[in-house]
Structure formats: C-alpha cells, structure tokens
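Participant: What follows is a predicted protein model with its sequence.
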Amino acid sequence: MQRAMLGGILTGLMGGMLGSFTILRQLSFFSDALGHSALLGISIGLLLGLNPSVVLLPFAVVFALVVTYLLERTRLWTDALLNIIYSSSLAIAIIMLSFVGQYKGGLNNLLFGDILAVQEPDLVFSTGLLLVCTLFIMLTLRSQMLLTLHEPLAIARGVSVSAHRAAFIVLLSLVVGISIKAIGVLLVSAFVVIPACAARLLSRTFANYVVLSAGLGALSAVIGILFSAGFNLPSGPSIVATQLAIFLTAMALPRLGVLGQGRTRNV
C-alpha cells in the first residue's frame, strides 16, 4: 500500500505537469492514442517472452516519435490519423494477445490498472523521470510557454520547435508508459487530461496553472487509492472517478480567471 501511494503521487505529479501543456497544445487525443497503442508493445513483449515493462517504455517512445513524424508529413486531419493509428494498433494487440493464453487472466488489470502491482524498480524509475520532467519544464519554461501559446512567436525568437516538441513527446510517452501499470491502458489518457482541465478552470497565470495541475494529479491519486482500498474497488477507475469529482468541483466554483485572456502578456 505504501508503494502504491508513492507510485500514485509520482505518476500524478508527472501526469498533471505534462498534461497542462498537453491540453493547451491539443494533444489530448495523442495521449489517448499512445495509451491504447501501448497494449501493442505489451503484446509484442509477451510474444517474445520478455518482461512487458521492459518492452513498453522503448516501444512508447519510438511509437510516439513515429506518430509525430506522420502527423507532420501527411495531409490528413490529426484526429482522423490518430483514430486510424490507435484503433488499428489496439486491434492488432488484441489479436496478438489471443495467442498468449497464459496472460489472459491478467487482461483486466492491464486494461484498468492495478496500483498494488507497482514495484520498487517502478518507483525508482518514476522518481528519476519526475526529476527529469521537472528540470526540463523549469529550464525551458519560457520556450514551452511560447510554443504552447504562440508558436509563430516562438519561431521568430529562434526557439527550436522540432527539438522542443520531440523532447516533450518523448517525456509524455514515458509518463504514459509508466502510468499504465497503475491506471490501465483504457484510462491513462484521463489521468493526463482531467487534472489539467480542472487546473485550467482555477488558474490565473500560466505558472500557477502548471503547478496546480501537477498538484491536482497527485491529490486525485492519493484520494482515489484510499477510496479504492476502503471500498475494495479497482484502483485505476477509482482514481479517474476522483479526478472527475475534482473537475466537477472546479466547474462549480466561481471562476477565478480565464487562462485564454492575456496570453501574450503572461508570456
């Protein structure tokens, strides 16, 4: 339970932090596609007789970079291409899993998560990844803000758009990959999106928005895990349901500020 709580806090902080940029860059569907496609990486690892956790993270990074390349090179609409990618990868993954008979019993935990399955190596990796994400955001905050709120201005000021976008996508894919064990393939996108949406309703400045999003991600993980343990409920759905409750509460509160106003001034 202690490992589960710590793992939930770490992944909640990372998911909220990167989620704050994800929704403003309209990459919510991208994180959903990445979460669904992760099942394909797990399936490949199982067929090869490897530990799925070892295969998942490299697969998520490569998959995210390939999808980013396709989005930049094709003339298709973003949502249409992502729909093709995540639905087809999910279909292929289910077909591959049908050949792995010994893993069928754990499919439910794979889809909806099991926070109690978090082990010490997962915590070590999550801690390191959180430090990397925090340093990356702190050192490149101004560039990330420009890219998020006004990309042409970022280009005009000499920001390397491709490099910053690729680095962000790699970090996002790693966060999604490490969160799947706790949240599950089907719910990991909500883990990134909902706290950020709630924070956007309550924040007045961009910096506060990023911090509040990370805080709400961690808070929802803690409350969700306690709720799951107290009522013997699945951990992943409990966390996402808690995030939904926080989002609805944020909607009900008097709105303190609109992030869309004064974007250039905040930058």
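Facilitator: Looks like it arrived, so ask away.
Participant: In this structure Leu46 contacts Pro52, no?
Facilitator: Yes: look at Leu46 against Pro52 with Cβ atoms under 8 Å: they come within range, at 6.0 Å. Every C-beta, even on glycine, is put in place using the N, C-alpha and C of the backbone.
Participant: Look through the protein and tell me its longest helix.
Facilitator: helix 206-231 (DSSP state H).
Participant: Go through that helix and flag the buried ones.
Facilitator: 206, 209-225, 227-229 (16 or more other Cβ atoms under 10 Å).
Participant: Run the chain-centre distance for it.
Facilitator: 14 Å (Cα atoms, centre = their mean, to the nearest Å).
Participant: Check which helices and strands that helix sits against.
Facilitator: With contacts defined as 3 or more Cβ pairs under 8 Å, 6 or more residues apart in numbering; DSSP states H and E, helix 206-231 has these neighbours: helix 2-24, helix 141-149, helix 188-202, helix 235-252.
Participant: Comparing these, which comes out most buried?
Facilitator: helix 188-202 (a mean of 26; mean count of other Cβ atoms under 10 Å).
Participant: any idea how far Thr242 is from the residue lying closest to Leu24 once chain neighbours are set aside?
Facilitator: In this structure, Leu24 finds its nearest non-sequential neighbour in Thr148, 4.9 Å apart by Cβ to Cβ, 6 or more residues apart in numbering. Applying Cβ to Cβ, to the nearest Å, the value for Thr148 to Thr242 is 27 Å.
Participant: wait, doesn't Asp44 sit right on Ala60?
Facilitator: For the record, residue 44 is Ile, not Asp. No: if you go by Cβ under 8 Å, Ile44 and Ala60 don't touch, sitting 11.8 Å apart.
Participant: These two: who's more crowded?
Facilitator: Remark: of Ile44 and Ala60, Ala60 carries more neighbours, 24 against 17, as counted by other Cβ atoms under 10 Å.
Participant: Could you check how far that one is from Leu216?
Facilitator: Relative to Leu216, Ala60 is positioned 24 Å away (criterion: Cβ to Cβ).
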